[in-house]
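Peer 1: Got a sequence here, can you build the structure:
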Amino acid sequence: MEQKKTLVGTANELLKEDTNKKNLEEKESRKQKLYKIASELLQTERAYVARLHLLDQVFCAGLTEEAAKGSFPVEVVRTIFSNISSIHSFHSQFLLPDLETRMSHWWETPRLGDVMQQHAPFLRMYAEYVSNFDQAMELLRQWTDRSAAFRNIILDIQSKDMCGSLTLQHHMLEPVQRVPRYEMLFKDYIGKLSEEDVDFTYAQKSLQTISMAAIHSNSAILKTEKLKKLLEIYEMLGDKEVVNPSNEFLKDGRLKLAARNTAATDKHLFLFNNMMFCCASRLSLVGQRFTVRTRIGIRGMQVQQMANVDQQHSFQVTGKGKTLDLQASSDQERDDWVKAIQEAIDVFRQNNETFKLANKSVDVDELTEYLGWQAPCWIRDNEVTMCMKCQEPFNPLTRRKQHCRACGCVVCSKCSDYKVALRYDGNKMNRVCRDCFFFFTGQDGGDVAETRKRVIQESEAVHITGPTVMCSFLQYGDNPETWTRMWCVIPRTEPLVLHLYSSPQR
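Peer 2: Numbering: from 1, shown residues only. Okay, the predicted model is just below:
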């Protein structure tokens, strides 16, 4: 029995020793892995500083010296190399010496995070270099072809051993890749640390700062690409409004624009975060390729699909007294455009707290916040057979179609022989219908409340010309001899409601 206890005790001691040995080996292995990562960072930093020296003190200095002789503009060299001198000074005079010092005393102070935490904020300077990189490559290509002196200096330096048989373009790519390289190394480094390690907190903070520097560089790239796109569109349109830092390009494409008395014509739409251009193509091999025909601001803009059998895949855009009836090539393309425009409208509203939602329900008390303050959604004139006010049939000679600039209804010239100032058009005088004139002025309009109610109903009818379950003319009344022809609409909303309008719209 005693012998059995002795054997068990010996086995437990051996197991404990084996476990301690494994833990020690794992700890030593982890230390070796951390040292290996730190050594890799130091070695790559040395090679990187040598590459920066080549760019700054050899290529840039040699080209600048030749440019001073008048062979090519000095500004070209400055633009190509951007802030490479500042990057070189930071790494050669600050970051590399501190890494050298830390690695020389690594086993006494096995930490890397505190060193990088001190220097990581300065990595934001890379944003300028990265955002300028594409332009630098283009200038380098242009002047290599244009100037023999420029080309000979570069070829001469590239032929030397210090270049390692690599081109200037290859060396210039190194700074673009450096910050992501730091990020990758520090993620690996933190993965080998335990939360109890002294360097764990320093390393995490360093990684956060490095990641922010990478995001900063990416943001600079996106900003540069955004400006580049705006410049490309400006060259196509020739409109200075395009080149505005606040503009954000969203979408463009070719659509058909429906006209009143002619066939639909091809147009090119450019959608921005604050406006939309409808353009016509022009014959030009270089320079301006489009002529702006219509410009509509996002403020007050409305977009809706149209249930029109004659024009499939169509939708309507309205804003500030302008209406575009557009036709896509498919339902998918139409839906994509409607979605893009509506999202632009929604974002614009969110960014402008005082903007009133166009889809908000309007009642009599809120009419002054709707009528005249934003552009109405025009009813198509080819969908109306008679004046929506006096019910008289239209004819091309004595009773032509007009649009009320306040409510969007199609009326005859007699019923629209009025003008009032409308807020959405900068208080300019605009043609309006009789009811809207009475509403704005209060003159000779009979029951003002009834006039307001009628204007609201007709304004609401405009919005119901969008997606519907069914819409058509029907005869309405109690006596077949006195039936009245009504325009009936069931909108695609829940619950389903039948709307009757005495003024025909289709």
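Peer 1: can you map out the strands along the stretch 201-350 of the chain?
Peer 2: Applying DSSP state E, counting those that start in this stretch to the stretch 201-350 of the chain gives strands spanning 249-257, 265-272, 275-281, 290-297, 302-305, 314-319, 322-327.
Peer 1: Same check on the chain?
Peer 2: For the chain, the strands defined by DSSP state E cover 249-257, 265-272, 275-281, 290-297, 302-305, 314-319, 322-327, 401-403, 410-412, 418-422, 428-432, 468-476, 484-491, 499-501.
Peer 1: what about the closest residue to Val198 other than its chain neighbours, neighbour count?
Peer 2: Nearest residue to Val198 in three dimensions, chain neighbours excluded: Arg111, at 6.5 Å (CB to CB, 6 or more residues apart in numbering). Glycine gets a C-beta too; all of them are placed from N, C-alpha and C. Arg111: 18 surrounding residues under other CB atoms under 10 Å.
Peer 1: got it, and Glu392?
Peer 2: 14.
Peer 1: One more: the one 4 residues further on?
Peer 2: Summarising burial for Pro396: neighbours were counted as other CB under 10 Å, giving 8.
Peer 1: Let me see the contact set for Val497.
Peer 2: Contact analysis of Val497 by CB atoms under 8 Å, 6 or more residues apart in numbering lists 490-491.
Peer 1: ok, now how distant is it from Val489?
Peer 2: 9 Å (CB to CB, to the nearest Å).
Peer 1: Would you mind listing the buried residues in stretch 331-344?
Peer 2: 334, 337-338, 340-341, 344 (16 or more other CB atoms under 10 Å).
Peer 1: ok, now stretch 394-410?
Peer 2: 394, 399, 401-410.
Peer 1: JSON lines please, covering the strands of the chain and showing distance to Phe200 and mean pLDDT.
Peer 2: Converted to JSON lines, the strands of the chain look like this (distance: least, CB to CB, whole Å; pLDDT from 0 to 100):
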{"stretch": "strand 249-257", "distance to Phe200": "44", "mean pLDDT": "91"}
{"stretch": "strand 265-272", "distance to Phe200": "47", "mean pLDDT": "92"}
{"stretch": "strand 275-281", "distance to Phe200": "51", "mean pLDDT": "91"}
{"stretch": "strand 290-297", "distance to Phe200": "54", "mean pLDDT": "89"}
{"stretch": "strand 302-305", "distance to Phe200": "53", "mean pLDDT": "90"}
{"stretch": "strand 314-319", "distance to Phe200": "56", "mean pLDDT": "89"}
{"stretch": "strand 322-327", "distance to Phe200": "59", "mean pLDDT": "88"}
{"stretch": "strand 401-403", "distance to Phe200": "70", "mean pLDDT": "87"}
{"stretch": "strand 410-412", "distance to Phe200": "73", "mean pLDDT": "87"}
{"stretch": "strand 418-422", "distance to Phe200": "66", "mean pLDDT": "89"}
{"stretch": "strand 428-432", "distance to Phe200": "67", "mean pLDDT": "89"}
{"stretch": "strand 468-476", "distance to Phe200": "63", "mean pLDDT": "69"}
{"stretch": "strand 484-491", "distance to Phe200": "61", "mean pLDDT": "74"}
{"stretch": "strand 499-501", "distance to Phe200": "67", "mean pLDDT": "72"}
